[in-house]
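Visitor: no sequence for this one, just the structure:
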Ligand code: BGC
């Protein structure tokens, strides 16, 4: 206690000096001192991946087609390099290699996702693919025998194509029941060994069609899966269920302008609060309700584009989490703007966003390095949701893969971002139990194919053996994991 108070006093004094200094130098308000300290005992370290991004074997051993299989197989490829996840890292065949890599990094857990259509080829529980179930059993067992805790995401974007073709996908609330059945199967088959479940990995991109409807179904499906566990499994399986929400931090473009401060808060509520407010408080943020209702009315609709949660659903949703999963990569500068564009989530917020041109860029256009934004974001989560138990479920940096090993910018990214997590935990009292790096190895980065590489291991996607080579950042990250933080040399 005493040491940590002393450390914080030292850091506070120092940062005061730094902020005074930077004040004189203009807009470097966010700089402060690197913190040498360790995370609390029992803090956990791990890596994350997702089924479609690594597994391959898209049509092997009874796996059904998913919407990502269908999408990437279009005649005119929607993927930047024309690639797809048909083979990806071939983790379906090479999962022992993945476990070796995890071991070599000294992690305590591995966050991976289950491909819904691998275990239920049609998405419905009338046909269970036992070979698919065996694959996950083998992976889970191998992890456990190596002392690596499995943390499982049920849905990381690869909806069974049949649910899309037959019901039109997430806008259709019929999917709630199918998701609940899928969750039941997972609890039944894996819940004796899997104690950490994440229902959804949520990241809605800008102008998806009918995003409010999709989100509505997803939220209800989450609540059903959470309550199912609570009712029928928790007592004897003793695990926990959460949801993973991705968001940037929204920094007021001009922090001295109250309208910018308000706009940034609004943007956070539209992005993170959209999913988290129902899960924590039972309903959508009131600012969303007001703005979307008003705009919908002005558009001459007889119902709001933002659907309503009735009391029964509110009760089911409120408190439907044991922890919050936090995916975070970057920050936006936000100011107010008139409602713009087509009717939809982006324009409804009445904000405009930009990145500071001085922020260092990665291989991904959207991903700029803003380490201080992470600490501010974690504090925002703490204050907005009353300091829930959180895991950082993703955080990482992309390169273009041309140099297999030299990735200094990623090493520095991890060092600086994790140092801000440390400050959030030690100096600000944010309740974070673990940190997950994205990703264990280069993988299929959705619409960007294999051009944006997030791995700490380089993968040769031209080699049928999918040889992997450790990048320099793997050494840096391993040391942080080993030291449980940062030890002054
Ligand atoms: C997604 C990952 C993705 C990463 C980088 C995350 O929000 O969950 O699947 O690879 O962002 O774009």
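Guide: All right, it came through fine. Just so you know, these numbers come straight off a predicted model, no measurement behind them.

Visitor: Close to the ligand: what parts of the stretch 151-300 of the chain are there?
Guide: 201, 203, 246 (CB under 6 Å from any ligand atom). No exception for glycine: its C-beta is placed from N, CA and C like everyone else's.

Visitor: do that again at 8 Å, thanks
Guide: Within the stretch 151-300 of the chain, the positions near the ligand by CB under 8 Å from any ligand atom are 156-157, 201, 203, 244, 246.

Visitor: of all those residues, which comes closest to residue 324?
Guide: Each of these was scored against residue 324 by CB to CB, and residue 244 proved nearest at 8.1 Å.

Visitor: got a list of what that closest one touches?
Guide: 153, 198, 200-202, 325-327, 393-394 (CB atoms under 8 Å, 6 or more residues apart in numbering).

Visitor: from the residues you listed, which ones fall inside strands?
Guide: 153, 198, 200-202, 325-327, 393-394 (DSSP state E).

Visitor: can you list those in a markdown table and add pLDDT?
Guide: Below are the ones in strands among the contacts of residue 244 laid out as a markdown table (pLDDT from 0 to 100):
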| residue | pLDDT |
| --- | --- |
| 153 | 99 |
| 198 | 99 |
| 200 | 98 |
| 201 | 98 |
| 202 | 94 |
| 325 | 99 |
| 326 | 99 |
| 327 | 98 |
| 393 | 99 |
| 394 | 98 |
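
Visitor: can I get the residues you listed in a markdown table with neighbour count?
Guide: Formatted as a markdown table, those follow (neighbours: other CB atoms under 10 Å):
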| residue | neighbour count |
| --- | --- |
| 153 | 24 |
| 198 | 26 |
| 200 | 23 |
| 201 | 22 |
| 202 | 24 |
| 325 | 27 |
| 326 | 25 |
| 327 | 19 |
| 393 | 27 |
| 394 | 25 |
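
Visitor: I'd like those residues as CSV, with distance to residue 342 appended.
Guide: Output for these, formatted as CSV (distance: CB to CB, whole Å):
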residue, distance to residue 342
153, 31
198, 32
200, 26
201, 26
202, 22
325, 31
326, 30
327, 27
393, 32
394, 30
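
Visitor: ok, the nearest residue to residue 362 once chain neighbours are set aside - contacts?
Guide: Using CB to CB, 6 or more residues apart in numbering and skipping the chain neighbours, the partner closest in space to residue 362 is residue 398 (4.5 Å). By CB under 8 Å, 6+ apart, residue 398 lies in contact with 362-364, 367, 445, 452-454.

Visitor: Just among these, which is most surrounded?
Guide: The most crowded member of those, judged by other CB atoms under 10 Å, is residue 453 (28 neighbours).

Visitor: for it, phi and psi?
Guide: phi -110, psi 120 (degrees, to the nearest 10).

Visitor: can I assume it is in contact with residue 445?
Guide: Yes - counting by CB atoms under 8 Å, residue 453 touches residue 445, with 7.3 Å between them.

Visitor: Sweet, I'm off.
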